[in-house]
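> Just to be clear, the model below is a prediction. Sequence and coordinates:
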Amino acid sequence: MKNRFVISLILIMSFSFAHSMSNQEIFLRGNKEYQAGAYEDALQWYDQITHKGDAIWHNMGNCYYHLNRFVDARIYWERARKHASYNDYCTLQTQLAVLDAQLGDQVQQEQAGWIAWIRSHTASYSLIMIQITTLIFWFIFCIAAVKRMHWMPLLILLAISVFGIWLSIDMQRQRSDNYAVTAEEIPLYVGPNSSYDQQGIIKQAHTVVITDRREGWYKIAHKGLAGWVQADKLVSV
């Protein structure tokens, strides 16, 4: 019985190793096609990788960009940006800004320099770890408040807790509710029906945030506007 367990474990580990080697080989072949300028072939290789990471999403976005498929380029760059390292995050921000300029629409910049700095430096952090750390600091603050500690430590703990709450909410929004426009342009309505008044147009390849859902419709936020668009015109990034 014990020997069977050991043999099964060895087979499972061997399969996992072979699988990872296969993915690595596919990635290298995709890179070879990409460097040769065969972007369609590179995409076919990258698409075969089962567990795609930031590097795969980024490279696929680059391929679509070179093929002038800007909607797909934005989608894959946005996916890569969700958990990218600081340097990759900055590169992707630049690429997305260039894409916006080429589309003829200057998307509103980050609200403030320090917010952009925080987002870029925390892009690769685990959201769960941020939330757990925030809860720990909040718990320590509550204990310190009950024991009536000096106001300075209390103020520091409170500031860290509030910052952690803001960061958790912001990271959650950045990672889970982003969608890209797939049509050339879509109308933005006041309500979840085309019979409502139209209050604007969202152009192709731009990213919006989903704030509410109805059957066949999404309520979105984009560049200070809020309204409803058809759900089939958006794709998750």
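Done, it's in.

> pLDDT (mean, whole number) over stretch 33-46?
Throughout stretch 33-46, pLDDT has a mean value of 89.

> Give me the phi and psi for the residue nearest the centre of the chain.
For the chain, the residue nearest the mean C-alpha position is residue 82 (3.1 Å; CA atoms, centre = their mean). Main-chain torsions, residue 82, degrees, to the nearest 10: phi -60, psi -40.

> likewise residue 203?
According to degrees, to the nearest 10, residue 203 has phi -80, psi 160.

> Just after the helix or strand that contains residue 31, pick out the following helix or strand.
Take DSSP states H and E as the rule and residue 31 turns out to sit in helix 2-35. As assigned by DSSP H and E, the chain's next helix or strand after helix 2-35 is helix 39-47.

> Pull the residues that contact that next one.
Outside helix 39-47, the residues that touch it by CB atoms under 8 Å, 6 or more residues apart in numbering are 26-27, 29-31, 33-34, 52, 56, 59-60, 63-64, 66-67. Backbone N, C-alpha and C define where each C-beta goes, glycine included.

> repeat that for 7 Å
Applying CB atoms under 7 Å, 6 or more residues apart in numbering, the external contacts of helix 39-47 come out as 26, 29, 30, 33, 34, 56, 59, 60, 63, 66, 67.

> contacting residues for the fourth one?
Taking CB under 7 Å, 6+ apart as the contact definition, residue 33 lies against 41, 42, 45.
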